[in-house]
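Q: below are the sequence and a predicted model; questions follow.
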Number of protein chains: 4
Amino acid sequence: MKAVVYQEPFKVAVESVPDPTIERPTDVIVRITSSAICGSDLHMYEGRTAAEPGIVFGHENLGIVTEVGEAVTSIKKGDRVVMPFNVACGFCRNCLAGYTGFCLTVNPGFAGGAYGYVAMGPYRGGQAEYLRVPYADFNCLELPEGTEHETDFIMLADIFPTGYHGCELAEVSPGETVAVYGAGPVGLMAAYSALLRGASKVFVVDRVPERLAKAEEIGAVPINFEEGNPSEQIKEQAGGEGTDKGIDAVGYQAHGQKGGGEEPAIVLNALIETVRATGMLGVPGLYVPADPGAPNEEAKRGMLLVSIGKFFEKGLRMGVGQCNVKRYNRQLRDLIITGRAAPSFVVSHELPLDQAPNAYEKFDKRIEGYTKVVLHP
Amino acid sequence: MKAVVYQEPFKVAVESVPDPTIERPTDVIVRITSSAICGSDLHMYEGRTAAEPGIVFGHENLGIVTEVGEAVTSIKKGDRVVMPFNVACGFCRNCLAGYTGFCLTVNPGFAGGAYGYVAMGPYRGGQAEYLRVPYADFNCLELPEGTEHETDFIMLADIFPTGYHGCELAEVSPGETVAVYGAGPVGLMAAYSALLRGASKVFVVDRVPERLAKAEEIGAVPINFEEGNPSEQIKEQAGGEGTDKGIDAVGYQAHGQKGGGEEPAIVLNALIETVRATGMLGVPGLYVPADPGAPNEEAKRGMLLVSIGKFFEKGLRMGVGQCNVKRYNRQLRDLIITGRAAPSFVVSHELPLDQAPNAYEKFDKRIEGYTKVVLHP
Amino acid sequence: MKAVVYQEPFKVAVESVPDPTIERPTDVIVRITSSAICGSDLHMYEGRTAAEPGIVFGHENLGIVTEVGEAVTSIKKGDRVVMPFNVACGFCRNCLAGYTGFCLTVNPGFAGGAYGYVAMGPYRGGQAEYLRVPYADFNCLELPEGTEHETDFIMLADIFPTGYHGCELAEVSPGETVAVYGAGPVGLMAAYSALLRGASKVFVVDRVPERLAKAEEIGAVPINFEEGNPSEQIKEQAGGEGTDKGIDAVGYQAHGQKGGGEEPAIVLNALIETVRATGMLGVPGLYVPADPGAPNEEAKRGMLLVSIGKFFEKGLRMGVGQCNVKRYNRQLRDLIITGRAAPSFVVSHELPLDQAPNAYEKFDKRIEGYTKVVLHP
Amino acid sequence: MKAVVYQEPFKVAVESVPDPTIERPTDVIVRITSSAICGSDLHMYEGRTAAEPGIVFGHENLGIVTEVGEAVTSIKKGDRVVMPFNVACGFCRNCLAGYTGFCLTVNPGFAGGAYGYVAMGPYRGGQAEYLRVPYADFNCLELPEGTEHETDFIMLADIFPTGYHGCELAEVSPGETVAVYGAGPVGLMAAYSALLRGASKVFVVDRVPERLAKAEEIGAVPINFEEGNPSEQIKEQAGGEGTDKGIDAVGYQAHGQKGGGEEPAIVLNALIETVRATGMLGVPGLYVPADPGAPNEEAKRGMLLVSIGKFFEKGLRMGVGQCNVKRYNRQLRDLIITGRAAPSFVVSHELPLDQAPNAYEKFDKRIEGYTKVVLHP
């Protein structure tokens, strides 16, 4: 079958690889109809990870079940399913507690597994014609038959739940004000989720006009951080006080003002300023324990200078980490089915599999409006 | 009346000051029968704050009501009451949400007020014969008549709820394992609270043998960090994995190995190591946004180097800040009344008011077993 | 001043009564600009309670502060405020826990007080020119100056929070399906709140076409119970299973099919059928411990025949009771201010005070579209 | 193998039945070392259910794994394991939400499955030499090797979690007062759990002196309902007010005063009296939708006369239903391992399998102190 294979930094190719097969009785095989490219794929693409050539990318996957292991009971051939980017067993202590992003058994020695990602276990990605899905009863979410809402549903594999996870970590509740840093796909999904949850006002901070325009379109207040301290801009519009809650949808590759380099803790510290005393921060934006490309020695070891004094004085709380997609994907699916949510508004391009190399290149350069690409193998 | 008055660094005196009076109809006056010296009083005592000479110390206060403002309805003359160290109004947005440690009205321009503490508002302390209590209906907790449990009840003003707050921030629940860093009064109260809440195993980290012995006495497992990496010692006894939850009862004036100076982030980073993926940290230990005595420039501004990368990878959550005493003091009182809790085991000395200067000196030097002093004016 | 005074069953009059005055230092006086008539006022109007002639009605009140007691600190003359229908002290054990509808001090011998209501304490109602508000710092919610959103804001006194309370008791969360029984003002507010909280599908059960039309207008699915078993109608549209959550906005004066009399438990039992196993019921609809007009002896004592066996088998949970308005009114106010909620869509009539007698009569008969009347004294 | 087989009302026999085998790749076979007799087995034993002759009893099972299906990954031959009485799949919507007592797939057409119980699916019981365990990765809880704590651990299959579930439904938290109705094994476990969770005072209501003595032994306050209205007795000892929380560990086969017959709603209504306004009720005690032996027509259909009026006036909440054992068993196991809990105090008899018929007879008659029997095949 054809698959998107990593070759070397800044180079992927569509190659022939062996078809996946049922390896364990709990597996199914899915013929992929949609697989999205994620911002986190670019970390590998840019050679900023330990990813080795040969890896098949793709952790946002949706398709039709073509083969079913004999222990699988709730999924059958022909079912249309979308999978969380997390691979999870469903029975370890963390999965039982709903922390499926931190499964203790699928990737021994580490808490958490995923498809097509370096260090996340031996699971091939889904930017390919077929995908093996382990623990299929647990990992497949059933979708209505047909092709309706295809680009909405593919958002359920990662970014819609991940944005929502930011709200969940920050416990966003009706009537609250929320500041979201970052208007990339995850930031927009976080703002969209905050509004779905009944926030009274959502601010979205970025500097790219197109992204800020998207934020405004969905009902958020755009804040351009190139036009002044974002925390102060927000406070001016939030009655002097900060917001009730804050979401970091940027992570460690944050940039300050134009022309400056990366400042890995700038968003965390801005959020500590932005959120009012007793507030909460949700951090779906990625931070890593080892970053060879970091701007200083401490940051290379994942050590960042954080305003802990201010954080304490304000009595804030902070929740971080990868999304446990399984915890939210059914409910979010139902919002799509009933027409109450349509997250595909972030999708910029839908392309066949063989255009993946080109799509990676343009998405990596953020040119020609490439913000969220869905591949249809 | 007589009161403990701050004179200059390392010097307090018992002096005559004017008796407090009813200033607002919602006030009461309390004749103090017990007022404890807190570790945080030492920050002022050592001259490490902006406290000016003349301030009357004492935020842990218990006594008998002697005078009642005309708007007070639930408290009457003769009632025995204990007050949270927080002064709170009961009707601002934060008080309504239970965040009485972050009251928005009693100390304008800042979220939170307290008795006898620099920058926490114009409220005189209770290491004195009498104390004015604002918003008395809200701030007084009624106690059974008489003198029973006096030293247990005075713990309700601050350290018992503060230790408990660590458990609440970390959401310690039955069957969980907990690591508490620090075996001072707050650390011991945190460990004690964790056991009260049904923790299956509680580790307490310190290096002072007497403190560790106390921890063991209440049923915790003592971990001497001078005898090896505490995180590793704990993991060995917790099945290889870390603990479910962690509590920082040390704060910014933390020390590493003997002979080293202060390392303000050492406990936070140790906790990130100690707690297992998906765990939670509760941080009642104090961190400050400005610390002139800090070991480096960043720490002077409250900026600490924290393992954010690891924190994210493990998907941890962290809650920090001053205790909202009002949120817990009634329930904890009831545990004392029914004999299910007896927090006075941390009290080392009970002294008359005039021995306060001597007590401060010895407590500050941690000599002669001075760990928790209760003054009886 | 002029006020709406109860005379005898089915008769109220606008009479002159003494102006209210500051009775305690914590009081304020409010000049009423809006006071709504509530369905529960009709219980008294119809003589179905122990209300004595002379009582001034009105527990949904909004206006401008004209006088301020000397202990009040956060409210000043000229402030525009709306009051919860609950009178609450803010410092008793129940108020502290957020149960302001069950205040232990304002109405001695009973948990809970209200304005202008029989057995709810000595608090005159606000269908009058002026109103005394006790514990004003606690009971007044500040509104933006001016007259904007007047009819939206008056909904904050009772029915918007009460509908929302149904969702809170049932823990309605994003993506869930909800069945609301009753499309009167509270039922509509419950459905509206469920949608605000992100429900994926909300069913509203009633038999009055105009009410069902309103439900449909706000995005809910109308279910006419005269056209077939409502539980079955809902299950057909909810994939065979019942809904995740259910809300009873009817209470004990429920009717079955046309022509039948009252069946006080019919809605509770219908909800037990309608909601799927593991679901939750929120019951803001009123049930009373003594109802002289009830259809049988048991019901007269508040004893109803409930499908406890089915309730247990399904593992349901149920929360009931009067709304603690204070718990929600600020957040809901902010949704109105930011334009995300406009609950005034339920208001059918806005009238001057002197038309109250006529309004009561027509509202009681449910004629000429009288569903929710706001009086403007 | 030998197994306890139901013959007819009031008669079980130890018979030879075929050994269980691996039927699906997700199964394991367990050699039973302990299987307890449960009060709910007596419903079948007394012929008060639709149970047909031939059913093998036993839903509280512990033993050693002897055979492992090929899809099982976390359990291996030789492991010592205890199983929840619930059979659950781990991947349906209810299991995912933690409601493993309401699994949607293991017993089609009904929410919930169990071993050896009528209408709970085709799962043979464990009062036998061997047991087939479906979805073994999900349903087996690993225990430490050896035989230590055998009678404590067998309590994890049902009654310890079930008692704890009562506390969870009632959200029992530190410092609260709790009333438990029923001092049978589940009631004692509920009281024991309430104390483990930090309750300040727990009342246990029953009329059997031996049971009340047990309650007192573990630190609860015994209330003999033959000596006066239990609600009033409790209020006298709880400061006039009722308790914060209440637990019904009796269910529908409740009795009133000596000599009276069954009064199925007596405990529910007593709890509504006993618990203070704003409180919560947890009901692990069984209620059924069809009870041919009930004292009246309504009760035969599971319809009970409940003080809904009072329930509403007090603003109570109530949670009911079978325990989701999986939700608590690991944490409770850890309390046993660390010596913080020892639930075996309720065990009255440990017997070999062949004495089961005799044990059933005496347990059913409640003679010779038979309160909780553990069979060791």
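A: Received it, and whenever you're ready, just let me know what you need.

Q: now the helices for the stretch 1-150 of chain A?
A: For the stretch 1-150 of chain A, the helices defined by DSSP state H, counting those that start in this stretch occupy A:39-45, A:93-96, A:136-139, A:150-154.

Q: okay, those in CSV with mean pLDDT and distance to D:Val208 next?
A: Backbone N, C-alpha and C define where each C-beta goes, glycine included. Converted to CSV, the helices of the stretch 1-150 of chain A look like this (pLDDT from 0 to 100; distance: least, CB to CB, whole Å):
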stretch, mean pLDDT, distance to D:Val208
helix A:39-45, 93, 63
helix A:93-96, 97, 38
helix A:136-139, 98, 46
helix A:150-154, 98, 59
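
Q: and of the ones you listed, who's closest to chain C?
A: Set against chain C and scored by CB to the nearest CB, the helices of the stretch 1-150 of chain A come closest in helix A:150-154, at 13.4 Å.

Q: next helix or strand past the closest one?
A: Heading C-terminal from helix A:150-154, the first helix or strand you meet, by DSSP states H and E, is helix A:159-169.

Q: what is that next one packed up against?
A: Packing contacts for helix A:159-169, counted by 3 or more CB pairs under 8 Å, 6 or more residues apart in numbering or on different chains; DSSP states H and E, involve helix A:185-196, strand A:243-248, strand A:275-283, strand A:317-320, helix A:329-337.

Q: in that helix, what's buried?
A: A:159-169 (16 or more other CB atoms under 10 Å in any protein chain shown).

Q: over to stretch A:137-145?
A: Counting neighbours by 16+ other CB under 10 Å, stretch A:137-145 gives A:137-141, A:143 as buried.

Q: tell me which residues touch the residue nearest in space to the middle of chain A, please.
A: Closest residue to the average C-alpha location of chain A: A:Ile159 at 3.9 Å, with CA atoms, centre = their mean. By CB atoms under 8 Å, 6 or more residues apart in numbering or on different chains, the contact set of A:Ile159 is A:36, A:38, A:60, A:185-186, A:189, A:343, A:346, A:372.

Q: and the furthest pair within the residues you listed?
A: Greatest spacing in those, by CB to CB: A:Cys38 and A:Pro343 (14.1 Å).

Q: of those two, who's got more company?
A: When A:Cys38 and A:Pro343 are compared for neighbours, A:Pro343 comes out ahead with 29 against 24, by other CB atoms under 10 Å in any protein chain shown.

Q: which residue packs closest to the more buried one, ignoring adjacent ones?
A: Leaving aside its chain neighbours, A:Pro343 sits nearest to A:Met155 (4.1 Å; criterion: CB to CB, 6 or more residues apart in numbering or on different chains).

Q: how about the residues of the stretch 51-200 of chain A near chain B?
A: Counting by CB under 8 Å from any CB of the partner chain, the stretch 51-200 of chain A comes close to chain B at A:94, A:97, A:99, A:101-102, A:111-112, A:169.

Q: circling back to that earlier point, dump the contacts of A:Ile159 to TSV, plus pLDDT.
A: What follows is the contacts of A:Ile159, written out as TSV (pLDDT from 0 to 100):
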residue	pLDDT
A:Ala36	98
A:Cys38	95
A:Glu60	98
A:Pro185	97
A:Val186	97
A:Met189	98
A:Pro343	98
A:Val346	97
A:Lys372	97
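
Q: mind checking which of the helices of the stretch 1-150 of chain A is nearest A:Arg24?
A: Across the helices of the stretch 1-150 of chain A, closest to A:Arg24 is helix A:136-139 (CB to CB), at 9.7 Å.

Q: the helix or strand harbouring A:Arg211 vs helix A:185-196, what angle?
A: A:Arg211 is part of helix A:209-217, with elements assigned from DSSP H and E. Helix A:209-217 and helix A:185-196 meet at an angle of 10 degrees, taking axes from the mean of the first three to the mean of the last three CA atoms, to 10 degrees as the criterion.

Q: next, the buried residues of helix A:209-217.
A: A:211-212, A:214-215.

Q: show me what the very next helix or strand once past that helix is packed against.
A: Counting by DSSP H and E, the element after helix A:209-217 in chain order, helix or strand, is strand A:221-224. For strand A:221-224, the packing partners by 3+ CB pairs under 8 Å, 6+ apart come out as strand A:201-206, helix A:209-217, helix A:230-237.

Q: 10 Å instead, please
A: strand A:177-181, strand A:201-206, helix A:209-217, helix A:230-237 (3 or more CB pairs under 10 Å, 6 or more residues apart in numbering or on different chains; DSSP states H and E).

Q: next, the contact list for A:Phe85, please.
A: Listed by CB atoms under 10 Å, 6 or more residues apart in numbering or on different chains, the contact partners of A:Phe85 are A:36, A:38, A:40, A:58-61, A:101, A:113-117, A:120, A:125-126, A:157-159, A:161-162, A:322-323, A:325.

Q: swap in A:Met318?
A: A:169-170, A:246, A:248, A:268, A:271-272, A:275, A:279-283, A:306, A:311, B:281, B:308, B:311, B:316-320.

Q: hang on, A:Gln127 packs against A:Gln355?
A: No. Applying CB atoms under 10 Å as the test, A:Gln127 and A:Gln355 come out as separate, 11.3 Å apart.

Q: tell me how far the residue nearest to the centre of chain A lies from chain B.
A: 17 Å (CB to the nearest CB, to the nearest Å).

Q: picking that back up, of all the helices and strands packed on strand A:221-224, which lies closest to chain D?
A: strand A:177-181 (25.9 Å).

Q: please identify the pairing partners of that closest one and their relative orientation?
A: strand A:201-206 (parallel), strand A:243-248 (parallel) (DSSP bridges).

Q: good, we can wrap up now.
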